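**Student:** could you look at this predicted model? Sequence included:
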Amino acid sequence: MTTLEEGPHEFVFYYQLSDSLPSSYIGKYGSVTYLIKAQLLPDRKYGADAMITNEPFLVLRTYDLSLEPFKLQVS
């Protein structure tokens with residue numbers, strides 16, 4: 001267990017998202033949104049409460065239409 005001194009702290013982490021995730025999108029008939037959640041567990045020994053925070057983030061993907069030329073055709 002690690003005890004932190006009082007004050008702000010920053011914890012850097014990395015997570016590789018799947019290449020198959022669609023881009024974030026918000027439209028009239030639906031949406032694709034992503035949210036990261038962090039939870040600090042309570043320490044009953046010191047009377048600390050659990051803390052939970054959420055932060056939305058964007059996923060922006062590029063798509064090469066030349067890989068599927070039939071999608072370029074207009075009906």
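**Tutor:** Yep, it's here.
**Student:** just the strands in the protein please.
**Tutor:** Here the chain has its strands, by DSSP state E, at 25-26, 31-32, 34-40, 51-57.
**Student:** tabulate those in TSV, adding columns for mean pLDDT and mean neighbour count.
**Tutor:** Glycine gets a C-beta too; all of them are placed from N, C-alpha and C. As requested, the strands of the chain are exported to TSV (pLDDT from 0 to 100; neighbours: other CB atoms under 10 Å):
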stretch	mean pLDDT	mean neighbour count
strand 25-26	92	10
strand 31-32	95	10
strand 34-40	90	10
strand 51-57	91	9
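**Student:** and residue 2, which of the ones you listed is closest to it?
**Tutor:** Smallest distance to residue 2 across the strands of the chain (CB to CB): 12.1 Å, for strand 34-40.
**Student:** and the contacts of that closest one?
**Tutor:** Outside strand 34-40, the residues that touch it by CB atoms under 8 Å, 6 or more residues apart in numbering are 21, 24, 50, 51, 52, 53, 54, 55, 56, 57, 58, 59.
**Student:** how close does the fourth one sit to residue 38?
**Tutor:** Residue 51 sits 8 Å away from residue 38, taking CB to CB, to the nearest Å as the criterion.
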